[in-house]
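Chemist: Structure for this input, please:
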Amino acid sequence: MTENQTKPLTIAEYIAGFPEDVQVILENIRQTIRAVAPEARETISYGIPTFVHYGNLVHFAAFKRHIGFYPGSSGIAHFKDEIAAYKNAKGSVQFPIDQPIPYDLIRRMTAFRVQENLAKSNMKKRK
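Modeler: From the prediction side, this is the model:
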């Protein structure tokens, strides 16, 4: 995002604020998430693209040298072996922009979070 750009209100606005090569990556991530979670609602939360489906599902963001993907701490823990090659923290993983983006991993992490959120929602309904 450029310095003089206003805060985006939609994911499309967020993506439009980056150079074209980064826009392609961000849109591919958006479509990867959308394919797994077609009923999820798109929003901006914490200033970054967010998908919501029975609660926060996943977030993503672009930075100078990487794409941040935020599947929550459970998503990171579940895929810890697969993300070991990437810089990661309790709830995030960084995919370097100068390397191929692992869209299949993003797809699987998102699918995991969809199932997790659905299970939590069903447990609440039973109570």
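
Chemist: just how off-centre is the strand or helix carrying Ala61 within its chain?
Modeler: Element membership for Ala61 (DSSP states H and E) is strand 56-62. Taking C-alpha atoms, centre = their mean, to the nearest Å, the mean C-alpha location of strand 56-62 is offset from the chain mean by 3 Å.

Chemist: Tell me the neighbouring strands of it, and mark each as parallel or antiparallel.
Modeler: Strand pairing for strand 56-62, using DSSP bridges, gives strand 48-52 (antiparallel), strand 66-70 (antiparallel).

Chemist: quick one: the helices in the protein?
Modeler: Counting by DSSP state H, the chain has helices at residues 11-16, 20-36, 72-78, 103-126.

Chemist: which residues are in contact with the first one?
Modeler: Taking contacts as C-beta atoms under 8 Å, 6 or more residues apart in numbering, the residues outside helix 11-16 that touch it are 1, 8, 23, 26-27, 30, 42-44, 48-49. Placement of C-beta: from N, CA and C, glycine included.

Chemist: Now tabulate these in a markdown table and tack on pLDDT.
Modeler: Shown next, in a markdown table, are those (pLDDT from 0 to 100):
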| residue | pLDDT |
| --- | --- |
| Met1 | 49 |
| Pro8 | 94 |
| Gln23 | 98 |
| Leu26 | 98 |
| Glu27 | 98 |
| Arg30 | 98 |
| Glu42 | 98 |
| Thr43 | 97 |
| Ile44 | 97 |
| Ile48 | 97 |
| Pro49 | 98 |
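
Chemist: Most neighbours of all those, which one?
Modeler: Pro49 (26 neighbours; other C-beta atoms under 10 Å).

Chemist: ok, and for stretch 94-109, which residues are buried?
Modeler: 94-95, 101-103, 105-109 (16 or more other C-beta atoms under 10 Å).

Chemist: and those as a markdown table, adding distance to Ser74 and pLDDT?
Modeler: Formatted as a markdown table, the buried residues of stretch 94-109 follow (distance: C-beta to C-beta, whole Å; pLDDT from 0 to 100):
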| residue | distance to Ser74 | pLDDT |
| --- | --- | --- |
| Gln94 | 18 | 98 |
| Phe95 | 19 | 98 |
| Ile101 | 22 | 98 |
| Pro102 | 19 | 98 |
| Tyr103 | 21 | 98 |
| Leu105 | 15 | 98 |
| Ile106 | 16 | 98 |
| Arg107 | 17 | 98 |
| Arg108 | 14 | 98 |
| Met109 | 10 | 98 |
